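Participant: How does the following fold in three dimensions:
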Amino acid sequence: MRIVIAEDSVLLKAGLIRLLEDAGHTVVASVENAEDLLQEVAKSKPELVIADVRMPPTFVDEGIRAAVLIRQQHPTVAVLVLSQYVEERYAADLIAGNSGALGYLLKDRVADVDQFLDAVKVVGAGGTALDPEVVAQIVIRSRRRDDLEKLTTRESVVLKLMAEGRSNSAIASELFITEGSVEKHVSSIFNKLNLPLEDKGNRRVLAVLRYLNGGDGASRNEQRKIEKSEK
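Facilitator: Numbers count the residues shown, from 1 in each chain. You can find the predicted model right below:
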């Protein structure tokens, strides 16, 4: 295959080029940032792109955003993403829609040469190669979102106010309801999120963490429900 590599680590990039070329592939270009990657893909029209999730200048999500763009603008180009850690939010965004010709591996897997080259072959042929850790994290994230979707509109608003650090009395004042009603909503939230009964204080913290981590703060549907109730 004709391959473009986007990786800012000089040693890893050199290693990838050597592995791929020894396996009979052609690395038509290697770049160090997302902007150059997009330009190179448009120019070279490779069969496969191998990109790091985090690249200059901010080392946050440039690579994964470029990968999503490539899948949208160049649907015939296969994409294999490498990441130091599991970035389940980005992985979910990348996988959304058509999951063919796509790979997401942790960089540790590159050390297993045969496994890495098998993933390259599978992705290049239109298949999917997902790291087991990535799959596990996406499943966990999906379950968190499902739990949030069980909340009523009022419960979603109460949980949002809890995440802002409001006490039950402050929430009652904000929503013009009794403190007893707030307590009932909070109890229902705990039950729907399947939070343990051991300690009420910890349950509150866990509920807020679930809200913050369950889908970019809240899932899109939950956010729409909250915004609608506040109008």
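Participant: Next, Ala51: secondary structure please.
Facilitator: Secondary structure state of Ala51, per DSSP: H, G, I helix; E, B strand; the rest coil, is strand.
Participant: just Leu209 next, same as before
Facilitator: Per three-state DSSP, the local secondary structure of Leu209 is helix.
Participant: Distance check, it against Glu179.
Facilitator: According to C-beta to C-beta, to the nearest Å, Leu209 stands 24 Å off from Glu179. No exception for glycine: its C-beta is placed from N, CA and C like everyone else's.
Participant: likewise Val4?
Facilitator: 60 Å.
Participant: Comparing these two, which residue is more hemmed in?
Facilitator: Taking other C-beta atoms under 10 Å, Val4 and Glu179 do not tie; Val4 has more neighbours (24 against 14).
Participant: pLDDT score assigned to that one?
Facilitator: Listed pLDDT for Val4 reads 98.
Participant: buried stuff in the helix or strand that contains it?
Facilitator: Under the criterion of DSSP states H and E, Val4 resides in strand 2-6. The neighbour-count criterion (16 or more other C-beta atoms under 10 Å) identifies Ile3, Val4, Ile5, Ala6 as the buried residues of strand 2-6.
Participant: do stretch 155-169 as well
Facilitator: For stretch 155-169, the neighbour count (16+ other C-beta under 10 Å) marks Glu155, Ser156, Val157, Val158, Leu159, Lys160, Leu161, Met162, Ala163, Arg166, Asn168 as buried.
Participant: Then stretch 186-200?
Facilitator: Of all the residues in stretch 186-200, those buried under the rule 16+ other C-beta under 10 Å are Val186, Ser188, Ile189, Phe190, Lys192, Leu193, Leu195.
Participant: In terms of pLDDT, where does the third one sit?
Facilitator: Which is Ile189. Taking Ile189 on its own, its pLDDT is 92.
Participant: which secondary structure element contains it?
Facilitator: Assessed by DSSP H and E, Ile189 sits inside helix 179-192.
Participant: which residues sit against that helix?
Facilitator: 147, 150-152, 154-155, 158-159, 162, 168-169, 171-172, 175, 203-204, 207 (C-beta atoms under 8 Å, 6 or more residues apart in numbering).
Participant: Go again with 7 Å.
Facilitator: Defining contact as C-beta atoms under 7 Å, 6 or more residues apart in numbering, one finds that helix 179-192 is touched by 147, 150-151, 154-155, 158-159, 168-169, 171-172, 203, 207.
Participant: Lys107: neighbouring residues, count only.
Facilitator: Using other C-beta under 10 Å, Lys107 is surrounded by 17 other residues.
Participant: Please report the distance of it from Phe116.
Facilitator: 10 Å.
Participant: does Thr58 sit in a helix, a strand or a coil?
Facilitator: At Thr58 the chain is in coil, as set by three-state DSSP.
Participant: Would you mind measuring from it to Ile5?
Facilitator: Plainly put, Thr58 is 20 Å away from Ile5 if you go by C-beta to C-beta.
Participant: before we move on, what about Asp146?
Facilitator: When C-beta to C-beta is the yardstick, Asp146 and Ile5 sit 37 Å from each other.
Participant: just His74 next, same as before
Facilitator: With C-beta to C-beta as the criterion, His74 and Ile5 are 16 Å apart.
Participant: before we move on, what about Phe176?
Facilitator: Using C-beta to C-beta, Phe176 is found at 58 Å from Ile5.
Participant: And Gln73, by the same measure?
Facilitator: Gln73 sits 19 Å away from Ile5, going by C-beta to C-beta.
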